[in-house]
Structure formats: C-alpha cells, structure tokens
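S.K.: just need the structure, nothing else, for what follows:
(one chain, ligands or ions: 1)
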Amino acid sequence: MREATRVFGADAGLFGLSLSLAAGEVHAIIGLNGAGKTTLMRAVLGMLALTGGTVSIDGTPLARVPTVTWSRVGHLVEHLFAYPELDTRTNLEVAARLHGADSLSIPGIVDTAISELGLVRYAQVRAARLSQGNRNRLGLAAALQHDPSLIVLDEPTNALDPAGVILLRELLLRRAEGGAGVLVSSHHLDEVARFADRISVLNHGQIIGSLAPGEHDLERAFFDLVHADDERRAP
Ligand SMILES: Nc1ncnc2c1ncn2[C@@H]1O[C@H](COP(=O)(O)OP(=O)(O)OP(=O)(O)O)[C@@H](O)[C@H]1O
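M.R.: Residues are numbered from 1 along each chain as shown. Below is the predicted model of the structure:
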C-alpha cells in the first residue's frame, strides 16, 4: 500500500498511508478506537475506494489482481462470512467453494477447520444461534481454511475467550511459518507482541511509528508515540 488516501473528515480516514507485508510475516497494526484500522483493512482488500495512492498484491494493482490471486486471500473484516440460517459446517462448505476448492476436497478442508477452531460441538448449529465468540470462530475458520497466502484480519480476537486467543495465535504463526503474509489489527499490545514480527502504530489515519515486539514497556512506547503525534497536531 503506497500513499493510500481517503478522507472522511479532518482527522478521519487514511492520509497518505504506506505499508508493506512480506510473505511469512505477521504485521500488526495497533491504534486507538477510531484510528483507522478498519478503514485501512477495507482499503487493503479493495472494499473502500481510495482517492489517492495505490494498493498492490504481489506487485499488481488491486484493479488488475486476477481471481486466482483473490482465491488465495483470507479475510475477516467487519462482517463475518456466514449465512445465519445455515449451520457451521454448511457455511464453511459454501466458503470453501467460493474460494475455489474442488468438491472432493471440501469435506476434508471443512473437517480440519472445524476441529482447528474448536467448533466440533457446533458443527450442526445454525450460525444465527452461535454465541458471538463462536460466530467469530466460524468467521476465522472461513477466512483461514483454504490455506490463504495473504491473511487480513481486523481485530480478530475481540470476541474470543482466552483459549480462542491462544488458538488463533498458534494458527496464525503456523500459517506465517508456511509462508503466508498476515496483516492483523488489534487494540491489545500484549497480545500482538506475542506473535507479530512487526508492529505499526496507526493514529488519525497515519502510521506514526513502529514498536519492536520484544520492547520492554510496549504500552508506554505506544502512548509516547500517540501523545507526541497528538501534540504535533494540536492547534
Ligand atoms: N464510511 C465512512 N464514512 C465516514 N466516516 C467514516 C467511514 N468509515 C470510517 N469513518 C471514520 O473514520 C475513522 C476511522 O474509523 P475506523 O472504523 O477505521 O477506526 P478503527 O481504528 O477501526 O476503530 P475501532 O478500534 O473503534 O474499531 C472514524 O472516525 C470513523 O468514524
């Protein structure tokens, strides 16, 4: 993403934002409420039209990214992929088909995803009746089951219990070890510090600095960056 711009208001939107994601890398975006994390994720996925700048995948601008590349993307941003009247298993079968999986391989893919996300007890439960956390798990299963090479997740742990947080962390680390690039946003510094290779700080729609995941007092370093940026902006 280079110089991405989309302005909603004086300090709302994206303001010439550039970022990169390498294969095998977990890049976390940290920011306060309203910093622009969801907006950034939507722009990365082409869900939001930019007024300036470009987003490319493997060097190809989004508008020219072929379907086969999109089928190698897994994302969970804002709305999770689930039909409320379909059960967990059927939702995952539909998601696998949409990602281009062949019919013969779908049952195996779905079984693995259900087991990986701890959804075995809920395989026959309609999405509408799942708890918020289990709906989130379903969305993550749909985003990850086709073994994507680019993973984009917006605040994926918000509704997860501690077991789910650990499970997701391990899943993402495994995917990154397998060569996937993972772009993930969060409010929780301690959580991303456990698995991110790189942490970028977003404030008012701009990347204002980065934090080293092993840094001693991450929280303090984060607020130092944010406060310095806020002061710079103060009239
Ligand atoms: N479509 C839109 N129209 C107008 N303003 C918008 C739109 N989308 C987002 N915004 C504004 O852009 C800013 C960033 O919103 P965004 O949802 O990206 O923040 P966030 O960092 O994801 O916040 P949170 O942590 O609360 O989820 C906010 O001020 C929001 O109100």
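
S.K.: tell me the residues of this protein that contact the ligand?
M.R.: Residues of the chain lying near the ligand by CB under 6 Å from any ligand atom: 8, 12-13, 31, 33-39. All C-beta spots, glycine's among them, are computed from the backbone N, C-alpha and C.

S.K.: out of the residues you listed, which is most surrounded?
M.R.: When neighbours are counted by other CB atoms under 10 Å, G36 leads these with 27 neighbours.

S.K.: give me every residue that touches it.
M.R.: 12-14, 17, 202, 204-205 (CB atoms under 8 Å, 6 or more residues apart in numbering).

S.K.: let's go with 6 Å and repeat that
M.R.: Applying CB atoms under 6 Å, 6 or more residues apart in numbering to G36 gives the contacts 14, 202, 205.

S.K.: ditto for H204
M.R.: Neighbours of H204 in contact, by CB under 6 Å, 6+ apart: D11.

S.K.: phi and psi next, for it.
M.R.: phi 50, psi 40 (degrees, to the nearest 10).

S.K.: pLDDT score assigned to it?
M.R.: Note on H204: pLDDT of 95.

S.K.: thinking again about what came up before, so which of the contacts of G36 are in strands?
M.R.: The strands, defined by DSSP state E, take in 14, 202 from those.

S.K.: dump the contacts of G36 to JSON lines, plus neighbour count and distance to G164.
M.R.: Output for the contacts of G36, formatted as JSON lines (neighbours: other CB atoms under 10 Å; distance: CB to CB, whole Å):
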{"residue": "L14", "neighbour count": "27", "distance to G164": "30"}
{"residue": "L202", "neighbour count": "23", "distance to G164": "24"}
{"residue": "G205", "neighbour count": "25", "distance to G164": "30"}
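
S.K.: out of the contacts of G36, flag the one nearest to L138.
M.R.: Checking the contacts of G36 against L138 by CB to CB gives L202 as the nearest, at 27.4 Å.

S.K.: so, low pLDDT: which residues of this structure?
M.R.: Along the chain, no part satisfies pLDDT under 70.

S.K.: top strand in it by residue count?
M.R.: strand 2-9.

S.K.: ok, and what's touching that one?
M.R.: 13-14, 16-18, 43, 50-54.

S.K.: now, those that are in helices?
M.R.: Among those, the members falling in helices (DSSP state H) are A43.

S.K.: which of the three states applies to the residue nearest to Q145 when sequence neighbours are not counted?
M.R.: Among residues not flanking Q145 along the chain, A113 sits closest, at 3.6 Å (CB to CB, 6 or more residues apart in numbering). Secondary structure, DSSP: H, G, I helix; E, B strand; the rest coil: A113 is helix.

S.K.: and for A159?
M.R.: coil.

S.K.: with A128 instead?
M.R.: Of the three states, A128 takes helix under three-state DSSP.

S.K.: next, count neighbours for the nearest residue to it once chain neighbours are set aside.
M.R.: Leaving out its chain neighbours, the residue that sits closest to A128 by CB to CB, 6+ apart is P84, at 3.6 Å. Under the neighbour criterion other CB under 10 Å, P84 is assigned a count of 11.

S.K.: are any of the contacts of strand 2-9 buried, and which?
M.R.: 13-14, 17, 43, 50, 53 (16 or more other CB atoms under 10 Å).

S.K.: including distance to I109, could the residues you listed go into JSON lines?
M.R.: Below are the buried ones among the contacts of strand 2-9 laid out as JSON lines (distance: CB to CB, whole Å):
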{"residue": "G13", "distance to I109": "38"}
{"residue": "L14", "distance to I109": "34"}
{"residue": "L17", "distance to I109": "34"}
{"residue": "A43", "distance to I109": "29"}
{"residue": "L50", "distance to I109": "33"}
{"residue": "G53", "distance to I109": "35"}
